[in-house]
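Novice: predicted coordinates and the sequence they were generated for:
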Amino acid sequence: MKEQLRIAIIGLGNRGRTMLKHEMVHMAKEDLTIVGLCDVYEERNQMSLEIMKKFDLPDPELITTDYKEILKMDLDAILIFTSWENHVNIACEAMEAGIYCAVEVAGAYSIEDCWRLVRTYERTKTPLMMLENCCYGKRELMVLEMVRKGLFGDVVYCSGGYCHDLRKEIVHGEENRHYRLRNYLSRNCENYPTHELLPIGRVLNINFGNRFLSLTSTASCAKGLARYCTDNLPEEHKMKHAEFKQGDIVTTVLKCANGETVAITLDTSLPRAYSRGFTVRGTKGAYFEDNDSIFLDDVHHKDYEFNGRPLWGNAAEYEKEYEHPLWKNYDGYGTHDGTDHLVLRAFFESVKAGLEPPIDVYDTATYMAVTALSEQSISEGSTPQAFPDFTSGRWLQRKMPPNKYNL
């Protein structure tokens, strides 16, 4: 069991610097030494160095714009917060170098990229973890506990979404050097599926006795971003009359080997409030995120069959009995209501113990594949796409490794 980890960070845009400033500089007082910083933009490296100085941390051994130099270092782990397009290449090179690798969430650009991750891991045996923080949400984990204790009966359907008004971020992507813009201009797909789908996958035991069999995706027309540009940008702005390929609403339906269905929604270019819409439906009850309510057949049906509004917000009543142990014991700092802290700790504790991480390479490939399959389905008129089995049949008997951060 290692007590101190030597880590490096690749990608220091907004997400990378946020995780550095609000999470890793604090952990560096405990069990991390940040020895490498890397971003293609030198000013981001310097901004990150200033963050470390502010917290009285020693300067990294290497600050570079070339991630390949980072991979030559003596490291226990690297964290990848780069643009979506670079995740797979850097992750595979890190595994080849024998360095534990954590990669931020993203969808894949091809199914072959997903297989590259799996094949590289199987050849090198170097673990990889996707940093899907929403799996560690307080409510997601409480509902998971309730499902596993049978309160909802047999789960038959789940739904969720990434519903987040990103119009400003996308449209100003060039000046802010944000990768979403080029994707929304050139692609039409479910481009960000993991926030809602991976928590659902744990409810349904995906890759652990169940798997996705097929997928269909349907995209609406693309009008929201163009309207935003017309209404909000000056005439001389490059994006004033831009045409976007990304549909405003993308609906994806997945079929599971054990018979369950899942519906997820991408909704990022129209006005709305944020939601992940996490919904679990079983034979004995349900959870609905948008009004944070639990409906149990033997408790609520008689009195609330035709008016469930009095139940809105009642999920809090179940926390005392069903709150996940990770949240019962959590009293630390953390962005995104603590989920960033928990997902990073899950990764670092795995590295220290030499264990496979809770969200491993097979999970990573599976959930990244949704984007590539969605893009193909939409381009073919919403045709069904067969879902690859990245575990090569091992999903039938796979078990979680011992780790208190397991999901």
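Specialist: Sure, I can see it. It should be emphasised that the depicted structure is a prediction, and the values quoted were computed from it without experimental measurement.
Novice: got the CA coordinates for the longest helix anywhere in the chain in CSV?
Specialist: Using DSSP state H, we find that the single longest helix of the chain is helix 361-379. C-alpha atoms of helix 361-379 as CSV (Å, rounded to 0.1, in the frame of the first residue of the first chain):
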residue,chain,number,x,y,z
VAL,A,361,-11.5,0.2,-18.8
TYR,A,362,-14.5,-2.0,-19.8
ASP,A,363,-16.9,0.5,-18.3
THR,A,364,-15.1,3.3,-19.9
ALA,A,365,-15.3,1.7,-23.3
THR,A,366,-18.9,0.8,-22.9
TYR,A,367,-20.2,4.2,-22.0
MET,A,368,-17.9,6.1,-24.5
ALA,A,369,-19.3,3.8,-27.2
VAL,A,370,-22.8,5.3,-26.9
THR,A,371,-21.7,8.5,-28.7
ALA,A,372,-20.2,6.7,-31.7
LEU,A,373,-23.2,4.3,-32.0
SER,A,374,-25.6,7.3,-31.6
GLU,A,375,-23.9,9.2,-34.4
GLN,A,376,-24.2,6.1,-36.7
SER,A,377,-27.9,5.6,-35.8
ILE,A,378,-28.8,9.2,-36.5
SER,A,379,-27.0,9.2,-39.8
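Novice: for Y228, what are its contacts?
Specialist: R167, K168, V171, S269 (CB atoms under 8 Å, 6 or more residues apart in numbering). (Glycine included, C-beta is placed from N, CA and C.)
Novice: do a quick rundown of the strands in the protein.
Specialist: Using DSSP state E, the strands of the chain run over residues 5-10, 32-38, 62-64, 77-80, 100-103, 128-130, 155-163, 212-219, 249-256, 261-267, 279-282, 285-288, 293-296, 385-386.
Novice: CSV please, covering these and showing mean pLDDT, distance to T366 and mean neighbour count.
Specialist: As requested, these are arranged in CSV below (pLDDT from 0 to 100; distance: least, CB to CB, whole Å; neighbours: other CB atoms under 10 Å):
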stretch, mean pLDDT, distance to T366, mean neighbour count
strand 5-10, 98, 23, 24
strand 32-38, 98, 28, 23
strand 62-64, 98, 33, 17
strand 77-80, 98, 18, 25
strand 100-103, 98, 14, 28
strand 128-130, 98, 10, 28
strand 155-163, 98, 15, 22
strand 212-219, 98, 7, 20
strand 249-256, 98, 11, 21
strand 261-267, 98, 13, 21
strand 279-282, 98, 19, 22
strand 285-288, 98, 23, 22
strand 293-296, 98, 28, 20
strand 385-386, 98, 13, 16
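Novice: hmm, back to that, filter the contacts of Y228 to the buried ones?
Specialist: Among these, those classed as buried by neighbour count (16 or more other CB atoms under 10 Å) are R167, V171, S269.
Novice: got TSV for those residues, with distance to E122 too?
Specialist: Shown next, in TSV, are the buried ones among the contacts of Y228 (distance: CB to CB, whole Å):
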residue	distance to E122
R167	41
V171	41
S269	38
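Novice: in helices, which of those residues fall?
Specialist: R167, V171.
Novice: how about A257, nearest residue that isn't a chain neighbour?
Specialist: Leaving aside its chain neighbours, A257 sits nearest to R211 (5.0 Å; criterion: CB to CB, 6 or more residues apart in numbering).
Novice: which pLDDT value goes with that neighbour?
Specialist: If you check R211, the pLDDT there is 98.
Novice: likewise G332?
Specialist: The model's pLDDT for G332 equals 65.
Novice: swap in T335?
Specialist: 78.
Novice: picking up where we left off before, which one of the strands of the chain lies nearest to H341?
Specialist: strand 32-38 (12.8 Å; CB to CB).
Novice: now do that closest one: which elements does it pack against?
Specialist: Under the contact criterion of 3 or more CB pairs under 8 Å, 6 or more residues apart in numbering; DSSP states H and E, strand 32-38 touches strand 5-10, helix 42-54, strand 62-64, helix 67-70.
Novice: now it against strand 5-10, angle please.
Specialist: 30 degrees (axes from the mean of the first three to the mean of the last three CA atoms, to 10 degrees).
Novice: can you list the strands that strand 32-38 pairs with?
Specialist: Strand 32-38 has its sheet partners listed here by DSSP bridges as strand 5-10 (parallel), strand 62-64 (parallel).
Novice: distance to L128 added to those, as TSV?
Specialist: Compiled in TSV, the strands paired with strand 32-38 are given as follows (distance: least, CB to CB, whole Å):
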stretch	distance to L128
strand 5-10	14
strand 62-64	22
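Novice: who are the neighbours in contact with the closest residue to S110 other than its chain neighbours?
Specialist: Spatial nearest neighbour of S110, excluding adjacent residues (CB to CB, 6+ apart): A372 at 5.4 Å. The contact partners of A372, taken as CB under 8 Å, 6+ apart, are G107, A108, Y109, S110, I111, D113, C114, C189.
Novice: and the residue lying closest to the second one once chain neighbours are set aside, what does it touch?
Specialist: Taking CB to CB, 6+ apart as the measure, A108 lies nearest to M368, with 4.0 Å between them; neighbours along the chain are not counted. For M368, the contacting residues are A106, G107, A108, D113, C114, L117, M130, T194, by CB under 8 Å, 6+ apart.
Novice: same question, G150
Specialist: K284.
Novice: distance of S374 from E42?
Specialist: Distance, S374 to E42, by CB to CB, to the nearest Å: 36 Å.
Novice: between those two, who's got more neighbours?
Specialist: Applying other CB atoms under 10 Å to S374 and E42 shows that S374 carries more neighbours, namely 30 against 11.
Novice: so that one makes contact with L197?
Specialist: No. With contact defined as CB atoms under 8 Å, S374 does not count as touching L197 (11.1 Å).
Novice: what domains does the record give for this protein?
Specialist: Using automatic domain parsing, the domain ranges for the chain come out as 5-133, 135-324+361-396.
Novice: from the centroid of this structure, which residue is nearest?
Specialist: The centroid of the chain falls nearest to E132 when counting by CA atoms, centre = their mean (3.4 Å).
Novice: wait, it touches L197, no?
Specialist: No. Applying CB under 8 Å as the test, E132 and L197 come out as separate, 9.0 Å apart.
Novice: can you list residues touching both of these two?
Specialist: Counting by CB under 8 Å, 6+ apart, the residues touching both E132 and L197 are Y367.
Novice: still on that earlier bit, and T339, which of the strands of the chain is closest to it?
Specialist: strand 128-130 (13.4 Å).
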